[in-house]
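In: Sharing a sequence plus its predicted fold:
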Amino acid sequence: MAIRKERGIVIHSRDIGDSDRVISLAGESQVRMNFLSKGIRKSKRRAIITTELGSLVELDYYDQAEKDWKSIKEVHLVNRYDELKSDYLGTLFVLYLTELTSMIYPEGESHPFLFQLLSGSLDTSNEKGFQKQILPFFKLRALSHMGHFPTEFYCHTCGEEVLSKRAAYFSVDDREFLCSDCHPIPKDHLPVLKLFHTMLSKKFSNVVGMFPRETEYRDGDLILNQFLRSLFGKELKSYFEFYKTIGYL
């Protein structure tokens, strides 16, 4: 039986029986996979922290094509993101981010940008602390990578780019952009759409420098949360406590 290696971030964890735990990794191999850590909950030799949500781990596993999960041979903790998890808000953010990632990215499929996006978000937050601006940045990148969110900002009616218009609107239900020349719009989303356009092409640090006001990020996050609800038909379990804590509820 072949032994392979993987390096990734734990985005889901569940107990099985009295001592086992199955984890799901957003890994460097670009495929989200499940791994069985047999006896980890009672082991004195292996650290259970390697199955904690938001932990970056390296593991050797047995490649068993016929099973829903791979059996772990050895696992080592690379980064727990201790600074980020040292306070309540940071811990809530990790729980929210991993649950969000687990919902957006299906198991067993190839996701080329997942590990890069998730690890970059955790690295930045661990170094500089949680920033509310990272919420719409992560969601927009993830949704666009999966093909859910449009990346070309053209009016559905006239076909012209909405970024050059006086006002524009994004319809969450129809998943399309509308300009004020063609439609009476209920709210002007143009400042947020300009932010979104920049987020798709610039690094997070550059985006924050170019758009210093929190208002656009909060409005953008609201739109993306509505979009997520329309797409998946449910709310994340970690949503209410996290958003209450950051003052968005």
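Out: All right, it came through fine. Residues are numbered from 1 along each chain as shown.
In: Give the other helices and strands that the helix or strand hosting residue 223 contacts.
Out: Element membership of residue 223 [criterion: DSSP states H and E] is helix 214-232. Contact partners of helix 214-232 among helices and strands, from 3 or more C-beta pairs under 8 Å, 6 or more residues apart in numbering; DSSP states H and E: helix 88-104, helix 134-145, helix 190-199. (C-beta placed from N, C-alpha, C; glycine too.)
In: can I have the second one written out in CSV, keeping just the CAs?
Out: Read that as helix 134-145. Taking C-alpha atoms only, helix 134-145 is exported to CSV below (Å, rounded to 0.1, in the frame of the first residue of the first chain):
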residue,chain,number,x,y,z
ILE,A,134,-10.3,40.3,5.2
LEU,A,135,-13.9,38.9,5.4
PRO,A,136,-15.1,40.2,2.0
PHE,A,137,-11.7,39.7,0.5
PHE,A,138,-11.7,36.0,1.4
LYS,A,139,-15.3,35.4,0.4
LEU,A,140,-15.0,37.2,-3.0
ARG,A,141,-11.8,35.3,-3.9
ALA,A,142,-13.3,32.0,-2.8
LEU,A,143,-16.6,32.4,-4.6
SER,A,144,-14.9,33.7,-7.8
HIS,A,145,-12.5,30.8,-7.8
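In: who touches the next helix or strand after it?
Out: In the C-terminal direction, the helix or strand that comes right after helix 134-145 (DSSP H and E) is strand 168-171. In this structure, residues lying in contact with strand 168-171 by C-beta atoms under 8 Å, 6 or more residues apart in numbering are 153, 155, 162, 176-180, 183, 185-190, 192-193, 223.
In: try it again with 6 Å
Out: Judged by C-beta atoms under 6 Å, 6 or more residues apart in numbering, the contacts made with strand 168-171 from elsewhere in the structure are 162, 177-179, 185, 189-190, 193.
In: residues making contact with the helix or strand that that strand is followed by?
Out: In the C-terminal direction, the helix or strand that comes right after strand 168-171 (DSSP H and E) is strand 176-179. The set of residues that contact strand 176-179 without belonging to it, under C-beta under 6 Å, 6+ apart, is 153, 155-156, 162, 165, 168-170.
In: hang on, the earlier thing: buried ones in the helix holding residue 223?
Out: When neighbours are counted by 16 or more other C-beta atoms under 10 Å, the buried residues of helix 214-232 are found to be 216-221, 223-225, 227-228, 231.
In: domains for this structure, by residue range?
Out: Using automatic domain parsing, the domains assigned to the chain come out as 3-79, 131-245.
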